[in-house]
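Asker: Sequence first, predicted coordinates after that:
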Amino acid sequence: MSHSPRSAWERANDRLARERTSVRMPDRLRWDHNAHYHSYLLRQLPPRFARALDVGCGAGAFARLLARRAAAVDAVDLSPVMIAQANAASPQPPNIRWVEGDALALALDPERYEVITAIASVHHMPLDDALRRFRHLLCPGGVVAILGHYRPVTASDYALSAFATIANPIVGVWQAATGRRLPPPVDMPVRDPATTLAEINAAAERHLPGSIVRRHLFYRYSLVWRGPAVEGDSTAIDRLLASLADTPTPTGDGPSSAAIRSSEPSEEDER
Ligand SMILES: C[S@@+](CC[C@H](N)C(=O)[O-])C[C@H]1O[C@@H](n2cnc3c(N)ncnc32)[C@H](O)[C@@H]1O
């Protein structure tokens, strides 16, 4: 039986995907591929901002990093297990609100956030709906920064995947040896990506034109979009100062009730 080159690539990729999941590294060598790109994502963001939304926050590691720069962070996840883990971590930054719910459906004001991030979560949602929603929620001049999974289909996708599969345990050994290892979160909902990089680029052009989409080594891409600023609009610093007047400060030792666990929009959301 003869196979087209495309189907040969697909079979090779299936094999790689099977190997990635079936050849399980020893627990002490497993590491968090998402966290590996946290510093890259942080470099795409302004040094200070008023409100940030982290979509699909999981156990909350990135939301905590955002909270060091933001006046207020809304960290949303569909999974009650993830929100419980995020809530259980200590200490709790007073400026994070953990919200259990669907980030695409929560009642949130348009143009509410200066920063919207999504790490390994966009492939759980219809891509067009997610990007449209992010644009709707982003204020003028804000930044959307996504780290995502794509479905490999091209020769270069497969070559990079193969290289990453070899590099993966080497990085695991190096991280374990240098004490830098961050183990991946447990019980995290995962899903295989359905969209290819070409489809992601096309969707980005439709909803967030001018986005910069980059393919990264460890099975991920990043998408960064800086929304156009509206002439005469208040500056990011103005908005930060205005928001500081009505939100808990990141440095204060405010009440832990600032972390609200709710699937319903809060009164503040409704304002
Ligand atoms: C692979 S995990 C990544 C978690 C976290 N961002 C990290 O880097 O560790 C994807 C997360 O997205 C969440 N998720 C999926 N669809 C969602 C939605 N519509 N709204 C909010 N969260 C969602 C899942 O519950 C899951 O916790």
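Answerer: That came through, no problem.
Asker: Now name the helix or strand holding residue 166.
Answerer: Residue 166 is part of helix 155-178, with elements assigned from DSSP states H and E.
Asker: Who are the packing partners of that helix?
Answerer: The contact analysis (3 or more CB pairs under 8 Å, 6 or more residues apart in numbering; DSSP states H and E) places helix 155-178 against helix 5-22. In this view, the C-beta of every residue, glycine as well, is placed from N, C-alpha and C.
Asker: what is the rounded mean pLDDT of the helix it packs on?
Answerer: Averaged over helix 5-22, pLDDT sits at 50.
Asker: what does the stretch 51-200 of the chain put close to the ligand?
Answerer: Contacts of the stretch 51-200 of the chain with the ligand, taken as CB under 6 Å from any ligand atom, map to 55-58, 76-79, 82, 102-104, 119-121, 124-125, 185, 188-190.
Asker: Among these, name the ones in strands.
Answerer: 55, 76, 77, 119 (DSSP state E).
Asker: any idea how far the first one is from residue 161?
Answerer: It refers to residue 55. The gap separating residue 55 from residue 161 is 25 Å, by CB to CB, to the nearest Å.
Asker: cool, and residue 116?
Answerer: Look at residue 116 and residue 161: by CB to CB, they are 28 Å apart.
Asker: of the two, who's got more company?
Answerer: The neighbour comparison of residue 116 against residue 161 (other CB atoms under 10 Å) goes to residue 116, with 26 against 19.
Asker: strands paired with the strand or helix carrying the more buried one, and their directions?
Answerer: In this assignment (DSSP H and E), residue 116 forms part of strand 113-119. According to DSSP bridges, strand 113-119 has the following sheet partners: strand 49-55 (parallel), strand 138-148 (parallel).
Asker: Turn the ones you listed into CSV, including mean pLDDT and mean neighbour count.
Answerer: Formatted as CSV, the strands paired with strand 113-119 follow (pLDDT from 0 to 100; neighbours: other CB atoms under 10 Å):
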stretch, mean pLDDT, mean neighbour count
strand 49-55, 98, 26
strand 138-148, 97, 23
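Asker: out of those strands, which comes closest to residue 87?
Answerer: strand 49-55 (14.3 Å; CB to CB).
Asker: now that closest one: how far from the chain's centre is it?
Answerer: Here the centre of strand 49-55 is set off from its chain's centre by 11 Å, with CA atoms, centre = their mean, to the nearest Å.
Asker: Toward the C-terminus, what is the element adjacent to that strand?
Answerer: With elements assigned by DSSP H and E, the helix or strand that comes after strand 49-55 is helix 61-67.
Asker: who's in contact with that next one?
Answerer: Residues from elsewhere that reach helix 61-67, judged by CB atoms under 8 Å, 6 or more residues apart in numbering: 32, 34-35, 38, 41-42, 45, 52, 54, 57, 73, 75, 86, 89, 93, 95-96, 98, 115, 117, 119, 182, 185, 250.
Asker: what bridges to the residue nearest the centre of the chain?
Answerer: In the chain, the residue lying closest to the centroid (CA atoms, centre = their mean) is residue 119, at 1.8 Å. Note on residue 119: beta-bridge partners by DSSP bridges are residue 147.
Asker: hang on, isn't it packed against residue 59?
Answerer: No - with contact defined as CB atoms under 8 Å, residue 119 does not count as touching residue 59 (11.2 Å).
Asker: And the pLDDT at the residue nearest to the centre of the chain?
Answerer: 98.
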